[in-house]
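In: structure of the sequence below:
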Amino acid sequence: MDRTRPLPLLLAASLAAGGLLALTPAAQAADAELARNGGFEAGLDGWTCTAGSGAVVPSPVHGGTKALQATPAGSDNATCSQTVTVKPGSTYTLSGWVRGSYVYLGASGTGTTDVSTWTPSAPDWQKLSTTFTTGASTTSVTISTHGWYGTPAYQADDLSLYGPGGDPVQLPAAPTGLAAGSPTSTTVPLTWTAVPGATSYNVYQGSTRIQTVTGTTATATGLTASTPYTFRVTAVNAAGESPKSAAVTATTTSGGGGGGGGLPAHALVGYLHASFANGSGYTRMADVPDSWDVIDLAFGEPTSVTSGDIRFSLCPVTECPNVESPADFKAAIKAKQAAGKKVLISIGGQNGQVQLATTAARDTFVSSVSKIIDEYGLDGLDIDFEGHSLSLQTGDTDFRNPTSPVIVNLIQAVKTLKAKYGAEFVLTMAPETFFVQLGHQYYGSGPWGGQDPRAGAYLPVIHALRDDLTLLHVQDYNSGSIMGLDNQYHSMGGADFHIAMTDMLLTGFPVAGNADRFFPPLRPEQVAIGLPASTQAGNGHTAPAEVNKALDCLTKKANCGGYQTHGSWPALRGLMTWSINWDRYNQGEFSRNFDAYTWS
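Out: Residues are numbered from 1 along each chain as shown. Below you'll find the model as predicted:
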């Protein structure tokens, strides 16, 4: 945008006439418009908007033929930003025209005091303006505009940063040190050395750019098992894109990880109250109906929260008068296994808090769980850590590289068990939505602290063990409303909740809204939907007709209602419920509906 500065020009002329031209401030002579594409006539060129929130519209506009329109959604305030090269110790004017409620304009990274200005209400175009001075070593600042949570779309146009231009930006060098970490059957993690002056990096798979990231790590996803892939990386800044790095090649692991061969294509998973009694009554192992393909023994619990020492025993006769003897229980397990069923020990539950905060607790966990598996001849392990079992320490912000001891030790313990028992070891997990899908919005205590450190805390465990994982069945019950990939909140009890929550697992999602930290999708045969078997079993009971709608939408893309999935997954493994006992108490409504459902 052009601006006139008559007073400095007159001053320069008078100084020249007096022979004092050399004293004219150099910064004044170099003042220029520095914002790139501030009128958005070239679309979003030069601008980056969070979570795809920004778009260019032909109306309303302040000047020219186009303007920015950005829409806040959920926890995203629709920030659109641009990094600009500046001179140290110089003064700048930031201005722009906006429309909407609670629209902000500001500059960060100034090296002195970051500035912002805003309007609570601008039904028509209103000008915002502020000034700042850069620090002694500041060579770039970020200018941005954004709205506010829960407000309608806002518009911005003719954004301007006026002041001394910075030194010309040099094209960055090609990245070095590109290396591939341990691949999975569908992913390859990549790292490289930071390049001075780079503001972002492009990741190439073969000749195709697959990601743009701001850090020096990335994970290629959606790959094919047992396949070699070649990757290169380039560095990017305002001057352009560097040459490509040297190539690195990595081969994905064989598919079908997770063990547990022998499960049917569509399986029914249920928890059996084996160690306690409640209003549903005790069900003997021999009396578990044949509908159940995976039977999780509830629960193995620790001797103390931090001991790692897991114990399991049958319900006492005083609580469960009809409990079978240990010998009969073990014989019934063998009979179920002979019929093709899998029987697992489930660790945790609502009352069984497990925190593997030390390596000693980790090792005790491995030895004590192994003892239970061996004593009862079980097929594997179900992790049902709830409450405060898992949380992320402050600063643990990347699910791909966790540092919190309770997370790291759990991952190591499960890998040890998997290695001990081999490929057929069945591993399942039953986290609550708070620990998984909520991670789309919030992860741990957040970049500024203050958030619940448990938010999304299962994500690093699932990710690290995804090649060992047989089934993930998130508890779609006892849950608050959760935002889906459509940026809308979904609530328990209807098909939409299960569709939205499952779509996230099968599509993948950016963690805490950070596209550079994308949680890769799981394979559909690794995913089952967790529901309560009856109204007495938990909040969020879903009627059979709504359960069938969810299955129709996810496996056939039919009956999807208000939420449209990002695909259809006929290989979705099935359903999980709390519990076998409650289903039996409810005359088998849940299992009978599963048995009657037509999958294709």
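In: quick one: contacts for the residue nearest to residue 120 when sequence neighbours are not counted?
Out: The spatially closest residue to residue 120, leaving aside those adjacent along the chain, is residue 102, at 5.9 Å (Cβ to Cβ, 6 or more residues apart in numbering). Bear in mind the C-beta positions are built from the backbone N, C-alpha and C, glycine included. Under the criterion of Cβ atoms under 8 Å, 6 or more residues apart in numbering, the contact list for residue 102 reads 118, 119, 120, 121, 147, 148, 151, 154.
In: now intersect those residues with the strands, please.
Out: 118, 119, 154 (DSSP state E).
In: can you list those in a markdown table and add neighbour count?
Out: Output for the ones in strands among the contacts of residue 102, formatted as a markdown table (neighbours: other Cβ atoms under 10 Å):
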| residue | neighbour count |
| --- | --- |
| 118 | 17 |
| 119 | 17 |
| 154 | 26 |
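In: export the residues you listed to JSON lines and append columns for pLDDT and distance to residue 209.
Out: As requested, the ones in strands among the contacts of residue 102 are exported to JSON lines (pLDDT from 0 to 100; distance: Cβ to Cβ, whole Å):
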{"residue": "118", "pLDDT": "94", "distance to residue 209": "36"}
{"residue": "119", "pLDDT": "94", "distance to residue 209": "38"}
{"residue": "154", "pLDDT": "96", "distance to residue 209": "31"}
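In: just those residues now: which is nearest residue 551?
Out: Closest approach between these and residue 551, by Cβ to Cβ: residue 154, at 40.0 Å.
In: go ahead and confirm the closest one touches residue 105.
Out: No: here residue 154 lies out of contact with residue 105, judged by Cβ atoms under 8 Å, at a distance of 10.8 Å.
In: now for those two: what residues contact both?
Out: By Cβ under 8 Å, 6+ apart, residue 154 and residue 105 have these common neighbours: 98, 145.
In: need the phi and psi values for residue 98.
Out: Backbone dihedrals for residue 98, given as degrees, to the nearest 10, come out at phi -140, psi 160.
In: so what's it closest to, chain neighbours aside?
Out: Nearest non-adjacent residue to residue 98, counting by Cβ to Cβ, 6+ apart: residue 156, 5.0 Å away.
In: most centrally placed residue in this protein?
Out: Closest residue to the average C-alpha location of the chain: residue 511 at 2.8 Å, with Cα atoms, centre = their mean.
In: okay if I get the ones in strands among the contacts of residue 102 as a markdown table plus distance to residue 289?
Out: Compiled in a markdown table, the ones in strands among the contacts of residue 102 are given as follows (distance: Cβ to Cβ, whole Å):
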| residue | distance to residue 289 |
| --- | --- |
| 118 | 62 |
| 119 | 64 |
| 154 | 57 |
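In: which one of the residues you listed is nearest residue 38?
Out: Minimum distance to residue 38 across the ones in strands among the contacts of residue 102 is 16.1 Å, recorded for residue 154 (Cβ to Cβ).
In: the closest one bridge partners, please.
Out: Using DSSP bridges, the beta-bridge partners of residue 154 come out as residue 70.
In: that one: what's it in contact with?
Out: If you count contacts by Cβ under 8 Å, 6+ apart, residue 154 has them with 69, 70, 72, 78, 98, 99, 100, 101, 102, 103, 145, 147.
In: mark which of those are part of helices, please.
Out: Judged by DSSP state H, those include no members of helices.
In: ok, which pair from those is furthest apart?
Out: The most widely separated members of those, counting by Cβ to Cβ, are 69 and 102 (15.2 Å).
In: contacts only, for the residue nearest to residue 98.
Out: By Cβ under 8 Å, 6+ apart, the contact list for residue 156 reads 67, 68, 70, 80, 96, 97, 98, 99, 103, 105, 145.
In: restricted to buried residues, select those residues in ChimeraX.
Out: Selecting just the buried residues from these in ChimeraX takes one command, with 16 or more other Cβ atoms under 10 Å as the test:
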select :67,68,70,80,96,97,98,99,103,105,145
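In: poorly predicted segments of this protein, please.
Out: Filtered on pLDDT under 70, the chain yields the residue ranges 1-30, 51-52, 74-75, 255-261.
In: which stretches in it count as helices?
Out: 6-17, 26-29, 326-338, 359-376, 405-421, 459-464, 495-507, 544-556, 580-585, 589-596.
In: and the angle for the last one with helix 544-556?
Out: It stands for helix 589-596. Angle between the axes of helix 589-596 and helix 544-556 is 40 degrees (criterion: axes from the mean of the first three to the mean of the last three Cα atoms, to 10 degrees).
In: and for stretch 418-429, what are the contacting residues?
Out: The set of residues that contact stretch 418-429 without belonging to it, under Cβ under 8 Å, 6+ apart, is 258-262, 269, 294, 296, 342, 344, 366, 370, 373, 379-384, 414, 417, 458, 461-462, 465, 468-473.
In: show me which of those are buried.
Out: 258-260, 269, 294, 296, 342, 344, 366, 370, 373, 379-384, 414, 417, 458, 461-462, 465, 468-473.
In: which of the residues you listed fall within strands?
Out: Here DSSP E is the test, and those give 269, 294, 296, 342, 344, 380, 381, 382, 383, 384, 471, 472 as lying in strands.
In: just the closest of those residues to residue 395, please.
Out: Using Cβ to Cβ, residue 383 comes nearest to residue 395 of these, at 24.6 Å.
In: separation between the closest residue to that closest one other than its chain neighbours and residue 582?
Out: In space, residue 383 comes closest to residue 429 once its chain neighbours are excluded; the distance is 4.7 Å by Cβ to Cβ, 6+ apart. To residue 582, residue 429 is 21 Å away according to Cβ to Cβ, to the nearest Å.
In: of these two, which one has the most company?
Out: Relative neighbour count places residue 582 above the other of residue 429 and residue 582, with 27 against 24, counting by other Cβ atoms under 10 Å.
In: if I pick the more buried one, what's in contact with it?
Out: Contact analysis of residue 582 by Cβ under 8 Å, 6+ apart lists 280, 532, 533, 534, 536, 537.
In: equivalent analysis for residue 173, please.
Out: 195, 196, 235, 242.
In: which of those count as buried?
Out: Burial by neighbour count, 16+ other Cβ under 10 Å: within the contacts of residue 173 this picks out 195, 235, 242.
In: with respect to residue 214, which of these is nearest?
Out: Ranked by distance to residue 214 (Cβ to Cβ), those are led by residue 235 at 11.2 Å.
In: thinking again about what came up before, which single one of the ones in strands among the buried ones among the contacts of stretch 418-429 is nearest to residue 216?
Out: Within these, the smallest distance to residue 216 is 29.5 Å, found for residue 472 (Cβ to Cβ).
In: in this structure residue 516 contacts residue 219, no?
Out: No: using Cβ under 8 Å, residue 516 is not in contact with residue 219; the gap is 9.5 Å.
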